[in-house]
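Q: Just need the structure, nothing else, for what follows:
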Amino acid sequence: MPQDEESSMPAGAPPNGKIRPITRWGTSILHRPAREVTPAELDTPALDALIADMFATMYAANGVGLAANQVGVDLKVFVYDLTDLRGPRSWGVVCNPVVQTRDTQQGPPGHYHHEKREQEEQQQQQSMTEGCLSYPGVSASVSRPRFITVRGVDQRGNPIEFDADGLRAHILQHETDHLNGIVYGDHVSVPEERQRMDREYQELESRTAYPENWPVTRSKHRWII
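A: Numbering: from 1, shown residues only. Just a heads-up that it's a prediction; the model follows:
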C-alpha cells in the first residue's frame, strides 16, 4: 500500500514526539500479547510521552497506524491517522482495544437457510493488500471482516466506541492484531505466498533498503500500515 504524500500532524495531536526505531517481525515482543494499560498508567506524563513518540514515528514512516509493541513497548496502545483515505479525517489513540465484528443481517438462529447465511458471511469479509511497518517493503492480500466495532479507552481513561468498515476496518484490525501478538503474515496461509514475502524482504535487507534503526534513518520506500 504505497502512499505518495507524507502525512501532516493533525491539530490537537501530541507535539514534540521523538522518532523511535520500529521493531521488526521475529522480535519476541511482536509475537506475544501485549500487557493491558492499567488505570494507574492512564492520564500520566509517561503515557503521553509514549503516544507523542508513536505519532512522530508513524508519520516519519509515512504510516496510518502504529502499535506500541512496534516501538518495543509492551502496552496495549495504538495510534492511527486515516487522513489520506476517503472520508473525513479520523485519528486518535486506543488503549486496550477490543474489536467486534458487526453483522449486516440480524435474525434469530436458523432464520436463514444455511447456504444463504454462508453467502452473507462471505460478503461480510473483504480481501485487501496489506503491508506492515515492522516488515517494510513487502505486502500480501489478507481477508478480514468488513464491518467492525472498536471499543477501548483513550489515554485519559475515557471510554471509546466507534464503528468502521472497508479499509478503515482493515487498518484498525491490523493494529489490534499487533497488540494480540499477531502479524498480518499469520493470516497468509499459502506457503508459496509466505515464501515470496520472505524472499522480497531478504532482498530488501541485503540492499539495506530499510536501515536497522528505520525510520530514525529514513528509507526511500513508503508503506502505510
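
Q: can I assume Asp163 sits in a strand?
A: Yes: the assignment for Asp163 is a strand, going by DSSP: H, G, I helix; E, B strand; the rest coil.

Q: pretty sure it is touching Ile148, no?
A: Yes: counting by C-beta atoms under 8 Å, Asp163 does reach Ile148; the two are 7.1 Å apart. Placement of C-beta: from N, CA and C, glycine included.

Q: Looking at these two, which is more packed in?
A: Ile148 (20 against 12; other C-beta atoms under 10 Å).

Q: Angles on the backbone of the more buried one, please.
A: phi -140, psi 160 (degrees, to the nearest 10).

Q: Relative to Thr57, how far out is it?
A: From Ile148 across to Thr57, the span is 25 Å (C-beta to C-beta, to the nearest Å).

Q: Just the element for the most centrally placed residue in the chain, please.
A: Nearest to the geometric centre of the chain sits Glu175, at 2.5 Å (C-alpha atoms, centre = their mean). Secondary structure from DSSP states H and E places Glu175 in helix 166-179.

Q: what about that helix, average pLDDT?
A: For helix 166-179, mean pLDDT is 96.

Q: Buried residues, it. List them.
A: By neighbour count on 16 or more other C-beta atoms under 10 Å, the buried set for helix 166-179 is 167-179.

Q: Kindly reformat the residues you listed as CSV containing distance to Ile22.
A: As requested, those are arranged in CSV below (distance: C-beta to C-beta, whole Å):
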residue, distance to Ile22
Leu167, 21
Arg168, 22
Ala169, 23
His170, 20
Ile171, 16
Leu172, 19
Gln173, 19
His174, 14
Glu175, 13
Thr176, 18
Asp177, 16
His178, 11
Leu179, 15
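
Q: Tell me which helix or strand in this protein has the weakest average pLDDT.
A: Lowest by mean pLDDT, DSSP states H and E among the helices and strands of the chain is helix 114-123, with a mean of 52.

Q: Could you look up the next helix or strand downstream of that helix?
A: In N-to-C order, the element after helix 114-123 by DSSP H and E is strand 125-131.

Q: ok now the helix holding Glu175, how far from the chain's centre?
A: Offset of helix 166-179 from its chain centre (C-alpha atoms, centre = their mean, to the nearest Å): 5 Å.

Q: try stretch 36-49
A: Its chain's C-alpha centre and that of stretch 36-49 lie 20 Å apart, by C-alpha atoms, centre = their mean.

Q: which residues are in contact with that stretch?
A: Contacts to stretch 36-49, defined as C-beta atoms under 8 Å, 6 or more residues apart in numbering, come from residues 14, 17, 75-77, 95-96, 153, 155-157.

Q: 6 Å - rerun?
A: Contact partners of stretch 36-49, identified using C-beta atoms under 6 Å, 6 or more residues apart in numbering, comprise 75-76, 95-96, 155-157.

Q: Scan this structure for its longest strand.
A: strand 91-101 (DSSP state E).

Q: May I have the strands that pair with that one, each with its orientation?
A: Here strand 91-101 is paired, per DSSP bridges, with strand 77-81 (antiparallel), strand 147-153 (antiparallel).

Q: right, and those - which one's nearest Asn213?
A: strand 77-81 (19.9 Å; C-beta to C-beta).

Q: what's the spacing between that closest one and its chain's center?
A: Its chain's C-alpha centre and that of strand 77-81 lie 8 Å apart, by C-alpha atoms, centre = their mean.
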